[in-house]
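Asks: curious how this folds, go ahead:
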Amino acid sequence: MLLRKFIAQRLAEYYAQPSNSVIGCAGAPINFSRLLGGWHWRRLYARAYKDQEGQWLTPVELFKPYYSNTLAEFVVSAAGGGAAGTDSDKSSSTSSSEEEVHIVELGGGRGTNAALILSHLHDVHPTVYDRLSYTIFDASPSLHELQQQVVSESGHGDKCSFVLNDMTDVAEGRAPFLSQSDVPTVAIALELLDNLAHDKVSRCRRTRALQQAEVVELASEGNNEQADGYVYNEIFEPISDPLLEQLVESAPAYVSGTGRRPKWVPTVACGVIRRLFDARPRASLLMADFDWLPQPEFVSESITTRRSTPAEGEPIITSMEDVDHACYLTSPRLCDILYPTDFPKLADYVRSRAEGKASVKTMKQSDFLLEYGSEQVDKTRSWISGFTPLLDDFSNYSVVTAVNERGKADEARSGTIGIKMK
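Replies: I've put the predicted structure just below:
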C-alpha cells in the first residue's frame, strides 16, 4: 500500500471519533483586556486545556471572536468588497461589485470559525454578507454533524452548505470538489495542512532514481498493540503514483536534495491546491498552520521502536493519552499525525498554480493578524501591560495568502484599498 494511503486511513480513523474527543472548546470567551501579562495567560491557557475534553484547542476556539473576525476581514479584502474597518464602521461595507462571493473552508473544525466569520460579515459588512455563500468540506462524520448544528444555531444555516469529503480523495481526483466557475472564491484552511497525508520519497542508492515509500504487512501477531495484531514495514519502490509523479514534475523543489535521507512531501495539500485553482481561476487562498514542530517527548509509555526510515519533515505522532511515539507503523492505531509545513515551498507552489492571477505572500501569523485585524488585536490587549496572546502565542504558526489580482483591482477602483482602520 502506498504510504500516503496508509496515513490517510489512520487519520480518517482518528477523526471518526466523537467530535469532543479531538477538537476541544474553550468555553466562555476569555477577557483578554484583564490579563496581567504572559504568565497570567499561560495559567489560563493551561486551565482551558485541562477543562476541555478534546486533545487540542485551536486559535479559533481560544481567541474567539477576534481571530475569526480577522479572517472575515481578509475575506472582504480578497473578494474586493471594501477595506477592513472597525466593528462600528459599517460604511466600509460598500462594494464595487454585486458578484456572488463563495467562501470555502477546508476542514471546518467545530464549525465555530464559519459561524463567527458569518456573524462578523453580517454585522460589519452586510452587503458582502448578502451576496455570499459558504461551504465547509470535512472528512470527519462527527465534526461534519457538529458543524451543521453550530452554524445553524448561529442563525446562518441558510448561508452554509456542508460536504463530507476526504481531501485525499479530492487530491487524487476520486471525489467531487468545486464546480467550474468564475465566481470570486476565498478558500480558508486552518490547521489542515498538518493533518493531510504525506508521501515519503527517497533515491535508489544504485540508480539515484526517485522512489516512493510503501507499507507492507509482514505478519500477524495477536499481541501487537499497534494495529489489530498486524506488523507493518516500510519499503521503497520506483515512483508509480500519478499524484506523486505530478508533484515531482510541477514542484521539483520538494524533492531536490533528496539523497541518503528521505523526505516527506505534501502531495495531498498540493493536489487540493491544484484542484482549487483549476476549478476557480479567481480564487484567493488563506492557509495557516505550523511552520515548525518541537521534537517528540518520549516517556515510559512511548513506543520508540521504528519500522520506518527517519526523513526530513518528520511528523509528531501522539496518542489519545497525549503520549508521543516514534513511528507511525508502531504507534497505537488512534493517533494524531501532525506534520510541519515548509511555507516558502508551499508559497512557490501556490504561485505556480495561480499562474500570475494572484499575489502570493507568506508571513508569520502575528504579522497577518496585524495586517488584516489590527483593531481585533487591540481589543485583546491588556489595559494593564499591553500584552496580547493573539500575537505572542502560537509563534510557530505561519500563513500563506493568495489574493486574486482582479479582486485587488476591484478594491482599488472603489477607492478603499490601503485605508485599513487602526
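
Asks: report the buried residues of stretch 395-407.
Replies: Tyr397, Ser398, Val399, Val400, Thr401, Ala402, Val403, Asn404, Arg406, Gly407 (16 or more other Cβ atoms under 10 Å). (Glycine included, C-beta is placed from N, CA and C.)

Asks: quick one: pLDDT of Pro18?
Replies: With respect to pLDDT, Pro18 scores 87.

Asks: list the contacts of it.
Replies: Residues near Pro18 by Cβ atoms under 8 Å, 6 or more residues apart in numbering: Ser142.

Asks: how much space separates it from Ala139?
Replies: In this view, Pro18 and Ala139 are 15 Å apart by Cβ to Cβ, to the nearest Å.

Asks: just to revisit the earlier point, dump the buried residues of stretch 395-407 to JSON lines, plus distance to Glu214 and pLDDT.
Replies: Below are the buried residues of stretch 395-407 laid out as JSON lines (distance: Cβ to Cβ, whole Å; pLDDT from 0 to 100):
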{"residue": "Tyr397", "distance to Glu214": "33", "pLDDT": "97"}
{"residue": "Ser398", "distance to Glu214": "31", "pLDDT": "98"}
{"residue": "Val399", "distance to Glu214": "34", "pLDDT": "98"}
{"residue": "Val400", "distance to Glu214": "30", "pLDDT": "98"}
{"residue": "Thr401", "distance to Glu214": "35", "pLDDT": "98"}
{"residue": "Ala402", "distance to Glu214": "33", "pLDDT": "98"}
{"residue": "Val403", "distance to Glu214": "39", "pLDDT": "97"}
{"residue": "Asn404", "distance to Glu214": "39", "pLDDT": "95"}
{"residue": "Arg406", "distance to Glu214": "43", "pLDDT": "75"}
{"residue": "Gly407", "distance to Glu214": "43", "pLDDT": "57"}
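
Asks: quick one: which of these sit in strands?
Replies: Tyr397, Ser398, Val399, Val400, Thr401, Ala402, Val403, Asn404 (DSSP state E).

Asks: where does the stretch 1-150 of the chain dip in pLDDT?
Replies: By pLDDT under 70, the low-scoring segments of the stretch 1-150 of the chain are 53-54, 81-97.

Asks: same thing but 90
Replies: Applying pLDDT under 90 to the stretch 1-150 of the chain flags the ranges 18-31, 44-57, 80-99.

Asks: quick one, helices of it?
Replies: Secondary structure of the stretch 1-150 of the chain, counting by DSSP state H, counting those that start in this stretch: helices at 3-15, 19-22, 38-51, 59-62, 66-78, 112-124, 126-130, 141-153.

Asks: just the strands in the chain please.
Replies: Going by DSSP E, the chain shows strands at 101-106, 132-138, 160-164, 185-190, 199-203, 210-220, 230-238, 263-265, 283-290, 316-319, 324-325, 335-338, 358-364, 397-404.

Asks: who wins for proximity to Lys50 among these?
Replies: Nearest to Lys50 among the strands of the chain is strand 316-319 (16.9 Å), distances taken as Cβ to Cβ.

Asks: beta partners for Phe162?
Replies: As for beta bridges, Phe162 partners with Ile136 under DSSP bridges.

Asks: can you report how many residues lie near it?
Replies: The local packing of Phe162 (other Cβ atoms under 10 Å) involves 19 other residues.

Asks: just to revisit the earlier point, deepest of the helices of the stretch 1-150 of the chain, which one?
Replies: Highest mean neighbour count among the helices of the stretch 1-150 of the chain (mean count of other Cβ atoms under 10 Å): helix 66-78, with a mean of 26.

Asks: what helices and strands are in contact with it?
Replies: Where contact means 3 or more Cβ pairs under 8 Å, 6 or more residues apart in numbering; DSSP states H and E, helix 66-78 is packed against helix 59-62, helix 112-124, strand 185-190, strand 283-290, helix 365-379, strand 397-404, helix 405-413.

Asks: do that again at 6 Å, thanks
Replies: helix 59-62, helix 112-124, helix 365-379 (3 or more Cβ pairs under 6 Å, 6 or more residues apart in numbering; DSSP states H and E).

Asks: check which helices and strands the longest one sits against.
Replies: Under the contact criterion of 3+ Cβ pairs under 6 Å, 6+ apart, the helices and strands touching helix 365-379 comprise helix 66-78, strand 397-404.

Asks: indicate which one of these is closest to Glu99.
Replies: strand 397-404 (11.9 Å).

Asks: and that closest one with helix 66-78, angle?
Replies: In terms of direction (axes from the mean of the first three to the mean of the last three Cα atoms, to 10 degrees), strand 397-404 departs from helix 66-78 by 20 degrees.

Asks: show me how far strand 397-404 is from its chain's centre.
Replies: In terms of Cα atoms, centre = their mean, to the nearest Å, the centre of strand 397-404 is set 11 Å apart from its chain centre.

Asks: cool, stretch 66-84 as well?
Replies: How far stretch 66-84 lies from its chain's middle: 18 Å, per Cα atoms, centre = their mean.

Asks: also stretch 150-163?
Replies: With Cα atoms, centre = their mean, you get 20 Å for stretch 150-163.

Asks: same check on stretch 288-303?
Replies: The chain centre lies 18 Å from the centre of stretch 288-303; the measure is Cα atoms, centre = their mean.

Asks: format the strands of the chain as JSON lines; extra columns: distance to Ile23.
Replies: Compiled in JSON lines, those are given as follows (distance: least, Cβ to Cβ, whole Å):
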{"stretch": "strand 101-106", "distance to Ile23": "14"}
{"stretch": "strand 132-138", "distance to Ile23": "11"}
{"stretch": "strand 160-164", "distance to Ile23": "16"}
{"stretch": "strand 185-190", "distance to Ile23": "11"}
{"stretch": "strand 199-203", "distance to Ile23": "26"}
{"stretch": "strand 210-220", "distance to Ile23": "27"}
{"stretch": "strand 230-238", "distance to Ile23": "28"}
{"stretch": "strand 263-265", "distance to Ile23": "24"}
{"stretch": "strand 283-290", "distance to Ile23": "15"}
{"stretch": "strand 316-319", "distance to Ile23": "14"}
{"stretch": "strand 324-325", "distance to Ile23": "19"}
{"stretch": "strand 335-338", "distance to Ile23": "11"}
{"stretch": "strand 358-364", "distance to Ile23": "23"}
{"stretch": "strand 397-404", "distance to Ile23": "17"}
